[in-house]
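*Asks:* Following is a predicted model, sequence given first.
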Amino acid sequence: MSTEVFRRTSAFVVFSLSLRLGVMILTLIVLMLSSCVSAEGQVPSPENVRIVSHNMGLVLEWDPPQNSTGKDFTYTAEYKGWSSYESVCLNESSRRCDFTREISVFGAYEFRVRAELEGKSSDWIKTDTVALDEITLISAPDVMLESTRGGVEVDITDPVLRKGDLKSLYHLISYRIHYWIEGETKKEELKTEQSRVMLPNLTPRVRYCVQVKIAVSGNKTSLPGNATCILNTESEDVQPWLIVGVLLASFAVVLVSVVLIFFAVWYTYRGIRFLCPQAKLPKHIKQYLSERPKSSVLLAMQNSPQPEERYHEVRIIPRLEDHTASQDLQKSQSSKHTQVYANISSKPEEAQNQEEKFCDHKQRMDNEHTERNAALSGCRDGEMEMLL
């Protein structure tokens, strides 16, 4: 009895397991068939649909359906802006579609794609709604380095965008510059809004490496650029002690020059004053000299009339050998001086008296002149002593 029951139970278990196994196999077959045939046209959909955006360009890419080796699929891709979908790539064999020309930078869009085979199509595979300015990746900037006078100058060039310009699309742009000594791990960071900047506090004759990336509005940044290295040049900065020494030397030269110029001007002035004196008489001396002299002697000298001087004309006649010529010359001159000689010969006594008077008058005048000179000399000496 127990053996019979055991056999029946074993048979039931085996049947149940077989039934379950058959259902599982059937389900697996159905699933495999459903993966190759869609509900609409029995065409599988594309896989791994993705959006790729670089520098404001947008491209939709996808992979072919599974188990599609040897089949020539075509694809149709569309985008939706405000209302309906619009086709951009229609029945193309390429597995990518470029939407850059059809969309704007600040719009929000949805994309979809489907596969097509022998007039039949698969289901649409849609993407999420995206904005181009938010999802795009900005390439790394171009960096050029130049070392002058112990400093490194970084010249940054923005990447070229497919739509618009970086500075016109993003109002807030800054550059994050990382620089370090080649071979070391410690890095310095410099944030600036200028595309041309000089790195501060660098050591001369040391090799530095620089890496730059762009930061736009929000937390969005560009891809970091490649590290660029350059050997820093020798610094041409003047040492502080040299500046102080030059200033002191210049001050000493200027001071000595000023002193020498002062003495040269002073001694030149003294020499000119010595050679060309500009002494002025006091006012009381000028007044005294301008007044009329009050001395009686001076007044007598100024007011006395000049004495009348008398003289006799005397002529010297040379002796001539020729008596005839001498007689003719005497006859020619006798007409002019007959009266004078006649007067002299006719009045000898009167002429002698006049001559004596003339001698007395001359003697008297000489004495008066001597006395006047002595008086004038004494007066002048007294006046000069009073002035002094």
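*Replies:* Okay, I see it.
*Asks:* where in the stretch 201-350 of the chain is pLDDT low?
*Replies:* 236-239, 277-281, 288-289, 291-312, 314-315, 317-350 (pLDDT under 70).
*Asks:* Can you show me the strands along it?
*Replies:* 207-215, 228-231 (DSSP state E, counting those that start in this stretch).
*Asks:* now, of those strands, which is deepest in the fold?
*Replies:* Highest mean neighbour count among the strands of the stretch 201-350 of the chain (mean count of other CB atoms under 10 Å): strand 207-215, with a mean of 19. C-beta: built from backbone N, CA, C; applies to glycine.
*Asks:* Can you list the helices and strands that the host helix or strand of residue 60 packs against?
*Replies:* Element membership of residue 60 [criterion: DSSP states H and E] is strand 57-63. The elements that strand 57-63 packs onto, with contact taken as 3 or more CB pairs under 8 Å, 6 or more residues apart in numbering; DSSP states H and E, are strand 47-54, strand 96-98, strand 108-117.
*Asks:* The following helix or strand past it - contacts with which helices or strands?
*Replies:* From strand 57-63 onward toward the C-terminus, using DSSP H and E, the following helix or strand is strand 74-80. Using 3+ CB pairs under 8 Å, 6+ apart, the elements in contact with strand 74-80 are strand 85-92, strand 108-117.
*Asks:* by how many degrees do strand 74-80 and strand 57-63 diverge?
*Replies:* 140 degrees (axes from the mean of the first three to the mean of the last three CA atoms, to 10 degrees).
*Asks:* in its sheet, what does strand 74-80 sit against?
*Replies:* Here strand 74-80 has these sheet partners by DSSP bridges: strand 85-92 (antiparallel), strand 108-117 (antiparallel).
*Asks:* Just the buried positions in it, please.
*Replies:* 74-79 (16 or more other CB atoms under 10 Å).
*Asks:* Let's see that strand as PDB, backbone CA atoms only.
*Replies:* Taking C-alpha atoms only, strand 74-80 is exported to PDB below (Å, rounded to 0.1, in the frame of the first residue of the first chain):
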ATOM      1  CA  THR A  74      17.900  52.400 -41.700                       C
ATOM      2  CA  TYR A  75      17.000  54.900 -39.000                       C
ATOM      3  CA  THR A  76      14.900  58.000 -38.600                       C
ATOM      4  CA  ALA A  77      15.700  60.600 -35.900                       C
ATOM      5  CA  GLU A  78      13.400  63.500 -34.900                       C
ATOM      6  CA  TYR A  79      13.400  66.300 -32.300                       C
ATOM      7  CA  LYS A  80      10.500  68.100 -30.500                       C
END
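*Asks:* In terms of helices and strands, where is residue 367?
*Replies:* Counting by DSSP H and E, residue 367 is found in helix 348-387.
*Asks:* same deal with residue 190?
*Replies:* Under the assignment here (DSSP H and E), residue 190 is part of strand 188-192.
*Asks:* What average pLDDT does the helix or strand immediately after that strand in the chain get?
*Replies:* Sequence order places strand 196-198 as the next helix or strand after strand 188-192, per DSSP H and E. On average, the pLDDT along strand 196-198 is 94.
*Asks:* What helices and strands are in contact with strand 196-198?
*Replies:* strand 151-157.
*Asks:* quick one: the strand it packs on to strand 188-192, angle?
*Replies:* Using the same axes, to 10 degrees: strand 151-157 against strand 188-192 is 50 degrees.
*Asks:* JSON lines for the strands of the stretch 201-350 of the chain, including distance to residue 313?
*Replies:* Formatted as JSON lines, these follow (distance: least, CB to CB, whole Å):
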{"stretch": "strand 207-215", "distance to residue 313": "125"}
{"stretch": "strand 228-231", "distance to residue 313": "123"}
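*Asks:* These: which one's closest to residue 124?
*Replies:* strand 207-215 (36.9 Å; CB to CB).
*Asks:* Now do the closest one: which elements does it pack against?
*Replies:* For strand 207-215, the packing partners by 3+ CB pairs under 8 Å, 6+ apart are strand 142-148, strand 151-157, strand 174-181, strand 228-231.
*Asks:* List the buried residues in the first one.
*Replies:* If I follow you right, that is strand 142-148. Under 16+ other CB under 10 Å, the buried positions of strand 142-148 are 143, 145, 147.
*Asks:* what pairs with it, and is each one parallel or antiparallel?
*Replies:* Going by DSSP bridges, the partners of strand 142-148 are strand 151-157 (antiparallel).
*Asks:* For the strand it pairs with, give me every contacting residue.
*Replies:* 141-147, 175, 177, 179, 195-200, 202, 208, 210, 212, 230, 232, 235 (CB atoms under 8 Å, 6 or more residues apart in numbering).
*Asks:* list the buried ones in it?
*Replies:* 151-152, 154, 156.
*Asks:* what do you get for stretch 270-279?
*Replies:* Those buried within stretch 270-279 under the rule 16+ other CB under 10 Å: there are none.
*Asks:* next one: stretch 45-60
*Replies:* In stretch 45-60, counting by 16+ other CB under 10 Å, buried: 45-46, 49, 51, 53, 55-58, 60.
*Asks:* cool, and stretch 175-184?
*Replies:* Buried residues in stretch 175-184, defined by neighbour count with 16+ other CB under 10 Å: 175-181.
*Asks:* what does it contact?
*Replies:* 141, 152, 154, 156, 186-195, 197, 199, 203, 206-215, 221, 229.
*Asks:* picking up where we left off before, now distance to residue 92 too, for the helices and strands packed on strand 207-215, in TSV please.
*Replies:* TSV is the format used below for those (distance: least, CB to CB, whole Å):
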stretch	distance to residue 92
strand 142-148	35
strand 151-157	36
strand 174-181	41
strand 228-231	41
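*Asks:* Indicate which one of the ones you listed is closest to residue 134.
*Replies:* Of all the helices and strands packed on strand 207-215, strand 174-181 comes closest under CB to CB, at 18.6 Å.
*Asks:* So in terms of bridging, what pairs with residue 137?
*Replies:* Bridge pairing for residue 137 - DSSP bridges - gives residue 54.
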